[in-house]
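Asks: turn this into a structure:
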Amino acid sequence: MKPEKTDGNYVIRPLQKNETELLRDFLYEAIFIPEGVEPPAREIIDQPELKLYYEDFGAGKADFSLVAENDGKVVGAVWTRIMNDYGHVDYETPSFAISLNKEYRGQGIGTKLMKEMLGLLKEKGYKRASLAVQKANYAVKMYQNVGFKTVDENAEEYIMVCEL
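Replies: Numbers count the residues shown, from 1 in each chain. Sure thing, here's the model as predicted:
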């Protein structure tokens with residue numbers, strides 16, 4: 001995939017092998033913090049259930065990542081892998097993670113990243129993708145807008161799937 005200009009000065013491009021450490025930072029940024037709640041310590045991303053989002057990234061068959069770059073700085077990332085995470089539905093369906101730096105949210109960058117990744121997964125032969133999102137997260141609407149539908153839920157989260 002060649003870098004693509006988006007609205008404004010954004011470029012969507014594949015994550016480079018030497019940039020996989022960025023996924024740790026974006027994973028921390030992806031943690032939904034409800035209004036008035038203190039953010040968790042950064043070390044939370046070292047817990048086993050979160051490490052599986054980034055550890056040895058690139059080794060799995062569905063390990064794909066795209067980043068949004070603004071003036072040479074990576075400001076957002078979307079990545080997928082088949083893992084037994086919160087959004088896991090089966091071992092053929094990649095799970096999504098997406099995150100943008102706070103100051104770049106609400107500008108359509110996340111939607112663009114999601115659409116590009118869904119296209120890439122379809123191109124690679126995947127039939128669907130999944131994710132889990134807290135019910136109170138403002139991103140639920142964006143996920144619905146790009147084609148994700150709720151297939152299951154628990155007290156706190158929706159499990160969503162997008163058919164490709």
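
Asks: now Lys115: phi and psi?
Replies: phi -60, psi -40 (degrees, to the nearest 10).

Asks: over to the one 4 residues further on?
Replies: Note on Gly119: backbone dihedrals following degrees, to the nearest 10 are phi -60, psi -40.

Asks: what about it, distance to Leu15?
Replies: Between Gly119 and Leu15 the computed distance is 16 Å (CB to CB, to the nearest Å). Every C-beta, even on glycine, is put in place using the N, C-alpha and C of the backbone.

Asks: tell me where the protein has helices.
Replies: Per DSSP state H, the chain carries helices over the ranges 22-30, 48-51, 109-123, 139-145.

Asks: can you put these in a markdown table and add mean pLDDT?
Replies: Listed next are the helices of the chain as a markdown table, based on pLDDT from 0 to 100:
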| stretch | mean pLDDT |
| --- | --- |
| helix 22-30 | 93 |
| helix 48-51 | 91 |
| helix 109-123 | 97 |
| helix 139-145 | 95 |
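
Asks: Val74: which of the ones you listed is closest?
Replies: Nearest to Val74, of all the helices of the chain, is helix 22-30, at 5.8 Å by CB to CB.

Asks: list the helices and strands that closest one packs on?
Replies: In terms of contacts (3 or more CB pairs under 8 Å, 6 or more residues apart in numbering; DSSP states H and E), helix 22-30 is packed against strand 73-81, strand 95-100.

Asks: reformat those strands as TSV; add mean pLDDT.
Replies: Supplementary listing: the helices and strands packed on helix 22-30 in TSV, determined by pLDDT from 0 to 100:
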stretch	mean pLDDT
strand 73-81	96
strand 95-100	95
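
Asks: tell me which of those strands sits nearest to Leu113.
Replies: strand 73-81 (4.1 Å).

Asks: give me the distance from that closest one to the chain's centre.
Replies: 7 Å (CA atoms, centre = their mean, to the nearest Å).

Asks: ok, now stretch 151-164?
Replies: So, by CA atoms, centre = their mean, the centroid of stretch 151-164 is 15 Å from its chain's centroid.
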